[in-house]
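Trainee: Can you look at this prediction? I've put the sequence above it.
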Amino acid sequence: MPERHIPRKRFGQNFLKDQNVIEKIVRALHPEKGQNLVEIGAGLGALTKHVLALVDHLKVVEIDKDLSAKLQDVYPANKITVFEADALRFDFATLCPAGTPKLRIFGNLPYNISTPLLFHLLSYASSIQDMLFMLQKEVVMRMAASAHTHEYGRLSIMIQYVAKVHPIFDVSPHAFTPVPKVTSTVVQLIPYDNNRPHPLAQNEKLFSHLVTLAFSHRRKTLKNALEHLVSNDVFQSVGIEPIRRPETLSVAEFVALSDAVNSQTS
């Protein structure tokens, strides 16, 4: 695609230009014919071109109407289906009707919406085989963080509750135009199947609320941060010391605490 396009700040557009990085991402994605591939934010088509050379068809969700039109001008309708839409509001379940392969979603996500977009996408986890994204390195570090580390927090727990997180490689700011102020990281997310490392919460809304509340008072003990939600009896029933801090609890411990609260209030 021609590169005569002024990047729009409101869409967080930083276009990938480094061919070595592009090829490395495509190798990590390893697209194959017959797969249900979806690209978010195709931009100038840096990844699109290489992926389409390996598969029969690609679906693209692109919010920029000018770039959407260019994609449809460059590639025939039997090779690409472009949805001119905001990925934050897009219903990804429509791309995976009954009897079709699960989605393989990839893209260079805008940094300004990456976290809410990840949460939106993970709400479709049962329809997704895997995801491969370029994100701000700091965000990936938080996604992949372990308990007892500075980076570990709400994002770590809520992502790891749903999927495995595999950081793959870092990307220099100079691989983009315009040049962002941060280093990026390519990361793979694989939603869990039946072999989950921790159980599902009985009440996922309560689980999410409890985790959010705990980390909104990160420096407080669990007892003080959750004083209006979790009683001493609940802490005792699950064997979690109320003087611990939120960043010391594993995903499984947060699930256990949530389930205990849910049982008490049901």
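Mentor: Nice, thanks for sending it over. Keep in mind that what you see is a predicted model, and the values were worked out from it rather than measured.
Trainee: From what I see, Val171 and Val179 are in contact.
Mentor: No. In this structure Val171 lies outside contact range of Val179 using CB atoms under 8 Å: 11.7 Å. (Glycine included, C-beta is placed from N, CA and C.)
Trainee: In terms of neighbours, single out the busier of these two.
Mentor: Per other CB atoms under 10 Å, whichever of Val171 and Val179 has more neighbours is Val171, with 22 against 11.
Trainee: how much space is there between the closest residue to Asp130 other than its chain neighbours and His217?
Mentor: Counting by CB to CB, 6 or more residues apart in numbering, Ile190 is the residue found nearest to Asp130 once chain neighbours are left out, at 4.8 Å. The spacing between Ile190 and His217, counted by CB to CB, to the nearest Å, is 32 Å.
Trainee: and what of Thr177?
Mentor: Remark: distance between Thr177 and His217 (CB to CB) = 41 Å.
Trainee: Phe215 - nearest residue in space that isn't next to it in sequence?
Mentor: Arg154 (4.4 Å).
Trainee: Quick one: the strands in the stretch 1-150 of the chain, in order.
Mentor: Assigned by DSSP state E, counting those that start in this stretch, the stretch 1-150 of the chain shows strands spanning 15-16, 36-40, 58-62, 80-84, 103-108, 128-136.
Trainee: Give me the sheet partners of the fifth one and which way each runs.
Mentor: Strand 103-108 has the following sheet partners, assigned by DSSP bridges: strand 36-40 (parallel), strand 128-136 (parallel).
Trainee: Let's have those in JSON lines, adding mean pLDDT and distance to Ala256.
Mentor: Converted to JSON lines, the strands paired with strand 103-108 look like this (pLDDT from 0 to 100; distance: least, CB to CB, whole Å):
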{"stretch": "strand 36-40", "mean pLDDT": "97", "distance to Ala256": "34"}
{"stretch": "strand 128-136", "mean pLDDT": "97", "distance to Ala256": "26"}
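Trainee: Tell me which of those strands sits nearest to Val162.
Mentor: Smallest distance to Val162 across the strands paired with strand 103-108 (CB to CB): 9.6 Å, for strand 128-136.
Trainee: For Tyr111, see how far away Lys137 is.
Mentor: Distance check for Lys137 against Tyr111: by CB to CB, it reads 10 Å.
Trainee: let me redo that: Lys59
Mentor: Distance, Lys59 to Tyr111, using CB to CB: 23 Å.
Trainee: Make sure Asp170 is indeed in a strand.
Mentor: Yes. Assessed with DSSP: H, G, I helix; E, B strand; the rest coil, Asp170 lies in a strand.
Trainee: is it true that it touches Met141?
Mentor: No. If you go by CB under 8 Å, Asp170 and Met141 don't touch, sitting 10.5 Å apart.
Trainee: the more surrounded of these two?
Mentor: Ranked by neighbour count (other CB under 10 Å), Asp170 and Met141 place Met141 first, with 19 against 11.
Trainee: Quick check, that one in contact with His150.
Mentor: No. Shown here, Met141 and His150 do not form a contact pair, counting by CB under 8 Å, at 9.4 Å.
Trainee: So which bits of stretch 142-152 are buried?
Mentor: By 16 or more other CB atoms under 10 Å, the buried positions in stretch 142-152 come out as Arg142, Met143, Ala144, Ala145, Glu151, Tyr152.
Trainee: Asp64: which of these is nearest?
Mentor: Relative to Asp64, the closest of those is Met143; by CB to CB it sits at 26.0 Å.
Trainee: unless I'm mixing things up, that closest one is touching Val187, no?
Mentor: Yes. Judged on CB under 8 Å, Met143 makes contact with Val187 at a distance of 6.8 Å.
Trainee: which residues do those two both contact?
Mentor: With contacts taken as CB atoms under 8 Å, 6 or more residues apart in numbering, the residues that reach both Met143 and Val187 are Leu135, Val165.
Trainee: buried residues in stretch 44-61?
Mentor: For stretch 44-61, the buried set under the neighbour-count rule, 16+ other CB under 10 Å, comprises 44-48, 50-52, 57-61.
Trainee: how about these, which pair is most distant?
Mentor: So, these by CB to CB: farthest apart are Leu44 and His57, at 20.1 Å.
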